[in-house]
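> The following block contains a protein sequence and its predicted model.
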Amino acid sequence: MHALRSLGKLVWGDKQSPEMFKLPSGVLYEERAAAKSGRKCIYKDSELCIRKTSTPFQYQLVAVRALEEGEELSDSLDDERSFLIGTELKFAPTTFEGAHGFKWKDAGEENVQVEFIADEGTNKATRETFAMAVARCAWERKNRRAYTDADEAEVKQLMDQAEDEELERLLDSVKLDDAELEAAAADVPVSPSKPSKPSKPSKPVDPEAAAAAASPVTLPRCELPPEPVEMADGEIIVSTLGELYLFDAQTCEFVQVSSEVALTVVQTGKFEYYINVAANDRSFVSQLIDPEMNAVFNHDHGSLIWNYFDAGRAYSFSLVAVDEKHYEALHQGMTRAAYETLNQEPWAKATVSSQDYILDAYEEDVEMLPEPSTWESEGEEEASEEASSEESSSEDEDEIDQIFRSAPVPTGVKTGKEEVDSSEDETEEESEEETDEESEAESEAESNAEQAVGSDENSKLAVGYKHGRSFVVRGSRIGVFKHTDGDDIVFDTTINRVDDTRGREFTPSTMMLHEQDSALVLQDSQRPNELYKMDLEYGKVVEEWRVHEDIPTVAVAPNTKYGQMTGDKTLVGLSHNMLYRIDPRLGGDNLIVQNEQQMYATKSHFTTAAATESGAVAVGSAKGEIRLFDRLGVRAKTVLPALGEPILGIDVTSDGRYVVATCKTYLLLIDTKLPDDPANRTGFQKPFPQAKKPAPKRLQLKPEHVVYMGAPISFTPAKFNQAPDGNSAEKTIVTSTGPFVVTWNLRRVLGTGRGDAYHIKQYQDVVVADNFRFGQDRSIVVTLPNDVQSVKRSQLAKPTRESLMIRPSGSQAHRDSIVNAPY
C-alpha cells in the first residue's frame, strides 16, 4: 500500500510537471520481427518516464536519451521516443541477460517491440510501482475517468487484458482498499470541473487537515466565454456527441466543462457553415467556420481542438468524440464545411483523391515518408555549430538579441547607441545623476528622430550572401546592414531615396537581390507592369524594365534557388495566370521569353513562386493550389488540390524534395518524392499517381498556445535555411506571427509526424519579416517595424506560458528598449 500512496502523489498529484514518474537509468532496445540483426540498442543510457499530455486522461510513455557530460540537448529526432499509453501498448515485464525491465509494442510500426532494461540499482518495488502507474494510465484512457473512481472489478477487467502472465500477477498482488484509495486521493488536488466521489473515511479526520484539503489549493475553475445570445439555425450537416473541455491558462491543461455535449455543423447559407456546441443545460459555442478557428484533429485521441475568440479574448475548446464513428463523422463534416467555405464550391466537386489529400491535411498525426539518409550524421554537426555559437554569445544572457546602431546614419536621426564605460567603478548613484542630466537631451533627440522617420516603418527584408549584407525597406529608403563574424548584425548605411529613372519617388513593394548581390530588383505596386534595377554600388535605380504592357507582374523569383549568387541576368516572373522567364536584355516593352512562358486560360490567381537549384519551379495561388513545374514553358507536372486558404508565400529545398507553403494560420509541408519510384523522382519531374498524392503536413501552433498569445495567427512567408554548398540539406523552417518568431526542425517534423513541435521567441513589437542568415541556420535576421535584430536560433525555446504571454508593446516598454533609429 505504500507504493499505491506514493503513486498517487507522483503520478496524479503534481499538476505543474508533465513528467510524473521515472525509471532514472537503463538501456533502450528495439526489436523488429523482420530484421536480420534482431535486437538493436537505441539508447545505451536513457530514462523512462510517464508524461501527461494536454488532453485529459491521455499519457505518454517517453524514453529520453541521457546526455553525456558537457553535451547540450540538440534538436535531433533521436533524443527521445514517445508512445501513447493504452491497452494496445501491451506493456509487460521482461528480462534480458538476467536484468529486469519492460517491453511494449510500438503502435506506430508493425512488428516492432521496444524494451527498456533498467539498471541494477532500480529495485523491484520501483519497477512494480512503475508498472502499476502504466496500468492506471491505460485505465484512465480507456474509461475517461480518474483512476480513483475505479472499483476492484473494473481494475480486474483491465488486468485480465494484460498479455503477460507476470504483469497480471503483479497487478493482482496489489489489493485495492477503500481507505488507502481515499488517503491517496486526499493528497491529490481534485479538478473543479468534475466532482469527486463522496469520501468515506475509515478513521477520524483532523478538522484542520480537512480544511486545508478543502481550501483553494486546487486548480482554479477556468472561465467560460459568455453563453451565445442565439445559436445558428440551418440544415444540420453532421452531429457528434462527446465530452467538452476548455483549456485553462492558469493550470496549462484542459478541464472538462461538460461530460456530454452535441457538436453540430450547421449550414446557414450557400457555402456558409457554423458549429454549435451545446449541452442539455447550457449552450457553449455558435461559431462561424473559418481559418481563424485553427482547428486540429487527432485520430489517436479522437478529438478536435480549436480556437474561439470573443470580446478580444482567445479560448481553446476540445471535443473528445464518444467513439471512432462519431469522430470520423466530425472529421469529414468539418473538413467538408471548411473546404466549401474557403473554395466556394461543393465538396462533391473534388475528386476522391483530392478529398483524401484534404482530409489528410486536417489530420494532426499524418505519416510522411522517411527523411533522407544523408541526414543521419548531422546531429553532431548541428550540436557542434550551436556549441561554437554559444561560445561567441554575449556576456549578458538576457540580452540574446543584439541591437546595433553605428555610423554612418541618416542626417538628423539619433542612433540610440551610447558609449559604454566598461569599468566597474561607476556607482548606481552616478548612473542616476547622468540619467537626470541627459533626459532632456534624449527627449529632444527622440523628437528629431520622429521627424526624420515620419510614419514609415520597415516592411521588406532581403538577406545577401556576398559581403555579408542584408537590406531593409523603410518607406522610400533602404537600410543596409552588415553581418559580423559573431552572427550579429550592425547598421551600415542608408539609401535615402528610391527613385525610378524618371525621378519619381516610390516605396518598393518587391525587393530581390540579383547578379551576385550587386543589384536589387524592385517593383512599385502603383506600376505593376514595370521592374527596376538598382545598382548597389551607386545606390540608385539605373534601369527600368517594362516587362509587358498588358501583363502585370505579381511576383518575381531567381531562376534557381541560389540564382542571386550567379551573374544570371534573367529571372522568373509571375502574373495572375501566367508563368514566364524575364530577360531584360530583350529590350523594348516585352521582356518575356516567348518559348519559356505558360499561360492558363482561366485565372489561376497565382501569388508566389520559388525555384529549386535545377530550375524547377513551385507556384502557389490565391485559391490554395500548388503547381510543380520541371521547367518554364510547359504545363505543371503536378497540381496539388487547394485546401482553400490563399498561399501567401512558398519555398522549396534545393533538391526539390520538400515544399513549404504559407497560409495565414498554418504552413503546409509537402514531400514531393514519388512513392515507390525506383528513380527517386519528385512531383516536379513526374505527375503523382491519381490515388497516391502526397500526404500534406500542416505546421500550426497549438490552439491552447494561441490562448496565451491572445490573437489570431497570421504567418509571414516561411523560409527554409539555405544550404548552397551542397554538403548539407536544409534543416530548419522559420516564420513569424505577431510578435513571435517560430522555427520548426524539419527532421523532427518528418520523423515524428508532428506539426506542433516548434520553438518560439517573443519580441516587444510585431515581426514584419524574418529569414536565416545566408548559408546557415544558426542565426535569424528579424525585422521589426522600427528595428532590425539578429537572434541565435539556439535561443528560441519550446513554448511555455511565460514565453507566450503577450508583453507590453514597444510603446509601453522601458525607455532603454525603445528604438530611436530609423531601422
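Received the coordinates, thanks.

> Counting neighbours, what do you get for Ala642?
Ala642 is flanked by 24 other residues according to other C-beta atoms under 10 Å. For glycine as for every other residue, the C-beta is placed from the backbone atoms N, C-alpha and C.

> go on, Asp676?
So Asp676, with other C-beta under 10 Å, has 7 neighbours.

> Ramachandran coordinates for it?
Asp676 adopts backbone torsions of phi 60, psi 30, taken as degrees, to the nearest 10.

> On the pLDDT front, check it for me.
Note on Asp676: pLDDT of 85.

> Mind picking out the helix or strand in the chain with the poorest mean pLDDT?
strand 402-403 (a mean of 32; mean pLDDT, DSSP states H and E).

> for the stretch 251-400 of the chain, which spans come out with low pLDDT?
364-400 (pLDDT under 70).

> can you map out the helices along it?
Remark: helices assigned in the stretch 251-400 of the chain by DSSP state H, counting those that start in this stretch are 324-343, 352-361, 378-391.

> What of the stretch 101-250 of the chain?
124-143, 152-160, 165-172, 178-186, 207-214.

> Among the ones you listed, show the one with the smallest mean pLDDT.
Per-stretch mean pLDDT for the helices of the stretch 101-250 of the chain is lowest at helix 207-214 (a mean of 39).

> Give me the buried stretch members for the helix or strand encompassing Leu668, please.
Using DSSP states H and E, the element containing Leu668 is strand 667-671. Neighbour-count burial for strand 667-671, with 16 or more other C-beta atoms under 10 Å as criterion, is recorded at 667-671.

> So which of those residues is the closest to Lys533?
Distance to Lys533, by C-beta to C-beta, is smallest for Leu667 among these, at 32.1 Å.

> Tell me which residues touch the closest one, please.
Residues counted as contacts of Leu667 (C-beta atoms under 8 Å, 6 or more residues apart in numbering) are 660-661, 698-700, 715, 718, 733, 735, 744.

> any idea how far it lies from Thr783?
Distance, Leu667 to Thr783, using C-beta to C-beta, to the nearest Å: 19 Å.

> How about Ser470?
From Ser470 to Thr783 the distance is 9 Å (C-beta to C-beta).

> Remind me what the longest strand anywhere in the chain packs against, helices and strands.
Across the chain, the longest stretch assigned as strand under DSSP state E is strand 253-269. Packing partners of strand 253-269 (3 or more C-beta pairs under 8 Å, 6 or more residues apart in numbering; DSSP states H and E): strand 235-248, strand 272-278, strand 283-288, strand 313-321, helix 324-343.

> mind listing what's buried in the last one?
In this case it means helix 324-343. Neighbour count says helix 324-343 has 326-327, 329-343 buried, by 16+ other C-beta under 10 Å.

> before we move on, what about the shortest one?
Of all the residues in strand 283-288, those buried under the rule 16+ other C-beta under 10 Å are 284-287.

> Would you format the residues you listed as TSV with distance to Met578 included?
Output for the buried residues of strand 283-288, formatted as TSV (distance: C-beta to C-beta, whole Å):
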residue	distance to Met578
Phe284	48
Val285	44
Ser286	43
Gln287	39
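
> for these, which one is nearest Thr560?
Gln287 (45.1 Å).

> Backbone dihedrals for the closest residue to Phe772 other than its chain neighbours, both of them.
Excluding the flanking residues, the one nearest Phe772 by C-beta to C-beta, 6 or more residues apart in numbering is Asn721, at 4.3 Å. Torsion angles at Asn721 (phi, psi; degrees, to the nearest 10) stand at phi -70, psi 150.

> and Asn721, what is it in contact with?
Asn721 touches 730-732, 734, 772, 776-777, counting by C-beta under 8 Å, 6+ apart.

> Please list only the buried members of those residues.
730-732, 734, 772, 776-777.

> Looking at these, which are in strands?
With strands taken from DSSP E, the overlap with the buried ones among the contacts of Asn721 comprises 732, 734, 772.

> Can I get those residues in JSON lines including distance to Lys349 and pLDDT?
Listed next are those as JSON lines, based on distance: C-beta to C-beta, whole Å; pLDDT from 0 to 100:
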{"residue": "Thr732", "distance to Lys349": "38", "pLDDT": "92"}
{"residue": "Val734", "distance to Lys349": "36", "pLDDT": "95"}
{"residue": "Phe772", "distance to Lys349": "40", "pLDDT": "89"}
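
> I'd like to know which of the residues you listed is nearest to Gly753.
Among these, and counting by C-beta to C-beta, the member closest to Gly753 is Thr732, at 17.7 Å.

> just checking, that closest one touches Ser794?
No - the pair Thr732 / Ser794 is not scored as a contact, 11.2 Å apart, by C-beta atoms under 8 Å.

> coming back round to it: could the buried residues of strand 667-671 go into a markdown table alongside distance to Arg801?
Listed next are those as a markdown table, based on distance: C-beta to C-beta, whole Å:
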| residue | distance to Arg801 |
| --- | --- |
| Leu667 | 24 |
| Leu668 | 28 |
| Leu669 | 27 |
| Ile670 | 32 |
| Asp671 | 33 |
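
> Tell me the one among those nearest to Ser509.
Leu667 (23.2 Å).

> Excluding covalently adjacent residues, which one is nearest to the closest one?
Of all residues not flanking Leu667 in the chain, Leu699 sits nearest, at 4.0 Å (C-beta to C-beta, 6+ apart).

> Let's see the pLDDT reported for Leu520.
95.

> Could you do the one 4 residues further on as well?
On pLDDT, Asp524 comes in at 94.

> Identify the bridge partners of it.
Listed by DSSP bridges, the beta-bridge partners for Asp524 are Pro508.

> I figured it was touching Thr507, is that so?
Yes - Asp524 is within contact range of Thr507, at 7.5 Å (criterion: C-beta under 8 Å).

> how many other residues sit next to Pro675?
The tally of other residues near Pro675 (other C-beta under 10 Å) stands at 12.

> Give me the three-state assignment for it.
coil (DSSP: H, G, I helix; E, B strand; the rest coil).

> leaving aside the residues next to it on the chain, what's closest to Ala642?
Nearest non-adjacent residue to Ala642, counting by C-beta to C-beta, 6+ apart: Gly624, 3.3 Å away.

> pretty sure that neighbour belongs to a strand, no?
No - assigned with three-state DSSP, Gly624 falls outside any strand and is coil.
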